[in-house]
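Engineer: Return a 3D structure for these sequence lines:
(one chain, ligands or ions: 1)
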Amino acid sequence: MAALDVIGHEYTHGIVRYSSELSRYYEPGALNESFSDIFSNVIQEWVEGYDFNRIYTQAEDPIIGTGGLRSLHDPLNSGTHSYEIGPYCYLAPGHPNTYGGQYWYDGPCNNGGIHGNCGVQNYWFYLLSHFLSFTLCSLFFVHPG
Ligand SMILES: [Zn+2]
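Structural biologist: Coordinates of the predicted model:
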């Protein structure tokens, strides 16, 4: 099954690739991942309408029963972060919501922890869009028709 936010995520990667110099590694890679999470969920919200759990959760449909791949509103209790023991890479639950904070990873695994460290900007988006929603939702979440 192809979910709208998963397709939107990959499509946004294509836009970022040809419109910016964000790489797929370390902090630029984490921003790249986060932009794809953010815009994919905005696309999903645009098409399906507002639903808190859907707009702030990445890939909630394809991964049934797990609460999605990443939570934009609760990174510390969702997704995974990388860590290493010797030459081997591992994943553990949770990803960071603050730069350099809990679960922040800057080692070589997962291209420098891009699928975990994206939680920082994802969480920023949640705070900005949800708590300043009266002003900003009119910009981010304008519904067609
Ligand atoms: Zn991605």
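Engineer: helix, strand or coil for the spatially closest residue to C109 that is not a sequence neighbour?
Structural biologist: Nearest residue to C109, sequence neighbours excluded (CB to CB, 6 or more residues apart in numbering): C89, at 3.5 Å. (C-beta placed from N, C-alpha, C; glycine too.) Secondary structure state of C89, per DSSP: H, G, I helix; E, B strand; the rest coil, is strand.
Engineer: same thing with T12?
Structural biologist: helix.
Engineer: show me the contacts for it.
Structural biologist: T12 makes contact with 35-36, 39-40, according to CB atoms under 8 Å, 6 or more residues apart in numbering.
Engineer: what about 10 Å?
Structural biologist: For T12, the contacting residues are 32-33, 35-40, 42-43, by CB atoms under 10 Å, 6 or more residues apart in numbering.
Engineer: and the gap between the residue nearest to C109 and D74?
Structural biologist: Separation of C89 from D74 (CB to CB, to the nearest Å): 24 Å.
Engineer: out of the two, which sits in the busier spot?
Structural biologist: D74 (17 against 14; other CB atoms under 10 Å).
Engineer: contacting residues around the more buried one?
Structural biologist: When contacts are counted by CB under 10 Å, 6+ apart, D74 touches 56-57, 67, 94, 97, 119, 123, 126.
Engineer: give me the low-pLDDT residue ranges for the protein?
Structural biologist: Within the chain, the ranges that satisfy pLDDT under 70 run 1-2, 63-66, 133-145.
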